[in-house]
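Student: Build me a model:
(2 chains)
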Amino acid sequence: GESVGLHLPTLSVQEGDNSIINCAYSNSASDYFIWYKQESGKGPQFIIDIRSNMDKRQGQRVTVLLNKTVKHLSLQIAATQPGDSAVYFCAEITTNSGNTPLVFGKGTRLSVIA
Amino acid sequence: GAVVSQHPSRVICKSGTSVKIECRSLDFQATTMFWYRQFPKQSLMLMATSNEGSKATYEQGVEKDKFLINHASLTLSTLTVTSAHPEDSSFYICSARRGGASNEQFFGPGTRLTVL
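Tutor: Numbering: from 1, shown residues only, chains lettered A, B, ... in the order given. Reported below is the predicted structural model:
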């Protein structure tokens, strides 16, 4: 199930099940989106990206869906494994307005139950 | 792949001292580097953007005189936390962007700062 803690919401998933992590972004001008995985004490690790001219992109075991109408992004992880346990962040950027940085969403902690 | 390193990975210092954190792009030239701060159970918050050879641009609420950023070369940026206090204890993460049309940012492994 999904719960909202003091800061980071947590999603608990049984090993082998599919995980869906959601993200609402704020800037309608954002045209490039990235999902990052962050393990404890480490920097963010790139998972998958998508540009605003697409609504779906697939990688190995991961799929990102983009709904620009409601400014929503999701990350689907197939056959979730214990090694997927981490905090997942979406990040957005507007690529056509100069050298702007990535802006990170609040993050979701994924906990895989073996 | 593009690699970004940070040094040190972990530092503990006394209140009132200054701490310097280095961020290096190991196999590419980074025209822009970004510094983020992350408190426990929170997201990464952008502190500043630095372009090689020019002054850093700080986000609202980040004191430029406290967090000194130097981007002296295309492969090195430093963040100095001056007169550190316990509330500065955090995880500091840098990222680097290649020059050209790419918007991809490569992240360092982070530096854990603990101020006693």
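Student: For the residue sitting nearest the centre point of chain B, give its distance to residue A:20.
Tutor: Nearest to the mean C-alpha position of chain B, counting by CA atoms, centre = their mean, stands residue B:35 at 3.6 Å. Using CB to CB, to the nearest Å, residue B:35 is found at 32 Å from residue A:20. Quick note: C-beta positions are derived from backbone N, CA and C, even for glycine.
Student: do the same with residue A:114
Tutor: In terms of CB to CB, residue A:114 sits 20 Å off from residue A:20.
Student: sec struct for the closest residue to the residue nearest to the centre of chain B other than its chain neighbours, please.
Tutor: Distance criterion CB to CB, 6 or more residues apart in numbering or on different chains; nearest residue to residue B:35, sequence neighbours excluded, is residue B:47 at 4.5 Å. In three-state terms, and counting by DSSP: H, G, I helix; E, B strand; the rest coil, residue B:47 is strand.
Student: low-scoring stretches of chain A, by residue?
Tutor: A:1-7 (pLDDT under 70).
Student: Around chain B, which positions in it sit nearby?
Tutor: A:5-8, A:32, A:36, A:41-46, A:89, A:93, A:95, A:99, A:101-107 (CB under 8 Å from any CB of the partner chain).
Student: wait, what's in contact with residue A:76?
Tutor: Residues near residue A:76 by CB atoms under 8 Å, 6 or more residues apart in numbering or on different chains: A:18, A:19, A:20, A:21, A:62, A:63, A:64, A:65.
Student: Over to residue A:88?
Tutor: So residue A:88 contacts A:21, A:35, A:36, A:37, A:38, A:47, A:75, A:107, A:108, A:109, A:110 (CB under 8 Å, 6+ apart).
Student: Adding distance to residue B:61, write the residues you listed out as TSV.
Tutor: Output for those, formatted as TSV (distance: CB to CB, whole Å):
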residue	distance to residue B:61
A:21	28
A:35	27
A:36	23
A:37	28
A:38	23
A:47	29
A:75	30
A:107	20
A:108	25
A:109	26
A:110	30
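Student: which of the residues you listed lies closest to chain B?
Tutor: Nearest to chain B, judged by CB to the nearest CB, of the contacts of residue A:88 is residue A:107 at 5.0 Å.
Student: Alongside chain A, which residues does chain B contribute?
Tutor: So chain B meets chain A at B:4, B:6, B:31-32, B:34, B:36, B:41-46, B:49, B:51, B:91, B:93, B:95, B:97, B:103-105, B:107-110, B:112 (CB under 8 Å from any CB).
Student: Go ahead and confirm the residue nearest to the centre of chain B touches residue B:48.
Tutor: Yes: under the criterion of CB atoms under 8 Å, residue B:35 makes contact with residue B:48 at 5.1 Å.
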